[in-house]
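Fold the following and give me the result.
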Amino acid sequence: MGIISENLKNIKDNLPQGVTLVAVSKTKPNEDIIEAYEAGHRVFGENKIQEMVGKQEVLPKDIDWHMIGHVQTNKVKYMASFVKLIHGVESLKLLKEINKRAKQNDRVIDCLLQVHIAEEETKFGFNHAEITEILSSETYKAYENVRVIGLMGMATNTADKDKITSEFESLKLIFDKVKESNPQITTLSMGMSGDYNIAIDNGSNMVRIGSSIFGLRACAISQ
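Next up is the predicted model:
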């Protein structure tokens, strides 16, 4: 068993039932993805559309590709024919574009709305009131080819576990409130390699893990 397969097995063996693992394969070569694939994994996350498209064209077609990075509206068309889930939708304009491109491909594309819970201004996302407004709007209800199935968020990049816990708790509260009037909201995507256990403890049912499976990116190792 290779190191990627071993890492994957160790993580999966310790994930609670009902938690989906998105293996974050951004910047990783196809050979690494194939090793994870041959170990039985099918859900992979990329943060750049062009890179994901290139991989999708040559890798097995039963892979579920998740777009986990910031999405520019002018690039949605490149992934609309195959993307399984788009994390991090942070504008109604983007939802409109996803709906348009999904319709052109005769598909319904699932999405998560990104919630801003971190202190960093570089993080994107809605607040609770904005999410409620979007989901109840006639504009969104008219979109037949896009389906918001949950929320996602990223905690502040810090070693302060209490702070991370507090931010995840706040997102879970928003998720629970939104779900009360929107039963289709079932996915809560929060938690990455450094904090996914805290996220799971606070209600996450989808985690995005890269370095703990594939190892650090080359640029991170060289620093």
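
Please name the residues that touch Q114.
H87, G88, V89, E90, F124, G125, F126, L151, M152, G153 (Cβ atoms under 8 Å, 6 or more residues apart in numbering). The way it works is simple: take the backbone N, C-alpha and C, and place the C-beta from them, glycine included.

Columns secondary structure on top of the residues you listed, output as CSV?
As requested, the contacts of Q114 are exported to CSV (DSSP: H, G, I helix; E, B strand; the rest coil):
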residue, secondary structure
H87, strand
G88, strand
V89, strand
E90, coil
F124, coil
G125, coil
F126, strand
L151, strand
M152, strand
G153, strand
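
From the chain's centroid, how far away is the longest helix along the chain?
Using DSSP state H to define each element, the chain has its longest helix at helix 161-181. Distance, stretch centre to chain centre, for helix 161-181: 16 Å (Cα atoms, centre = their mean, to the nearest Å).

got it, and stretch 24-39?
The answer for stretch 24-39 is 17 Å, by Cα atoms, centre = their mean.

can you offset everything so residue one is 676?
Done: numbering now begins at 676, and the last item shifts to stretch 699-714.

Endpoint to endpoint, that stretch covers what distance?
One end of stretch 699-714 sits 15 Å from the other (Cα to Cα, to the nearest Å).

Averaged pLDDT, stretch 823-832. What do you get?
If you average the pLDDT over stretch 823-832, you get 94.

can I get the CA coordinates of it in CSV?
What follows is stretch 823-832 as a C-alpha-only set of coordinates in CSV (Å, rounded to 0.1, in the frame of the first residue of the first chain):
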residue,chain,number,x,y,z
VAL,A,823,-28.4,25.0,-3.1
ILE,A,824,-28.0,22.0,-0.9
GLY,A,825,-25.9,23.4,2.0
LEU,A,826,-23.4,25.9,3.4
MET,A,827,-19.7,26.0,3.6
GLY,A,828,-17.2,28.1,5.5
MET,A,829,-13.5,28.4,6.4
ALA,A,830,-12.2,29.3,9.8
THR,A,831,-9.5,31.8,10.5
ASN,A,832,-6.0,30.5,9.7
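
Can you point out the buried residues in it?
V823, G825, L826, M827, G828, M829, A830 (16 or more other Cβ atoms under 10 Å).

Likewise for stretch 759-768?
Under 16+ other Cβ under 10 Å, the buried positions of stretch 759-768 are K759, L760, I761, H762, G763, V764, E765, S766, L767.

So for stretch 776-789, mean pLDDT?
Stretch 776-789 comes out at a mean pLDDT of 98.

next one: it to chain centre, how far?
The answer for stretch 776-789 is 14 Å, by Cα atoms, centre = their mean.

how about the strands in the chain?
695-699, 718-721, 739-742, 760-764, 784-789, 821-828, 862-865, 881-884 (DSSP state E).

For I708, which of these is the nearest?
strand 718-721 (6.2 Å; Cβ to Cβ).

Walk me through which strands that closest one pairs with, and which way each runs.
Using DSSP bridges, strand 718-721 pairs in its sheet with strand 695-699 (parallel), strand 739-742 (parallel).

hmm, back to that, from the contact counts, what lies against the longest helix of the chain?
Here helix 836-856 touches helix 803-811, strand 821-828, strand 862-865, helix 871-876, going by 3 or more Cβ pairs under 8 Å, 6 or more residues apart in numbering; DSSP states H and E.

If anything else comes up later, I'll come back, but that's it for now.
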